[in-house]
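K.L.:
Coordinates for the following, if possible.
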Amino acid sequence: MEQDWVPEPASLIALGAGLAGLMGLRRRVR
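P.N.:
Numbering: from 1, shown residues only. Predicted coordinates:
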C-alpha cells in the first residue's frame, strides 16, 4: 500500500460536514 495520504479538499469537506452534523444533532437533542 504505497499511497501518500494527502489531505484532499474532499476529505476535509467530509470531515467538516461530519463534525457539523454531530454538533447540530447535539444541539437539537439539547
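
K.L.:
Which other helices and strands does the strand or helix carrying residue 22 contact?
P.N.:
Using DSSP states H and E, residue 22 falls within helix 9-29. Packed against helix 9-29 by the contact rule (3 or more Cβ pairs under 8 Å, 6 or more residues apart in numbering; DSSP states H and E) you find no helix or strand. Quick note: C-beta positions are derived from backbone N, CA and C, even for glycine.

K.L.:
Give me the buried positions along that helix.
P.N.:
Buried residues in helix 9-29, defined by neighbour count with 16 or more other Cβ atoms under 10 Å: none.

K.L.:
Residues contacting that helix, please?
P.N.:
Outside helix 9-29, no residue is within contact range by Cβ atoms under 8 Å, 6 or more residues apart in numbering.

K.L.:
Show me how far it is from its chain's centre.
P.N.:
Centroid separation for helix 9-29 versus its chain: 6 Å, with Cα atoms, centre = their mean, to the nearest Å.
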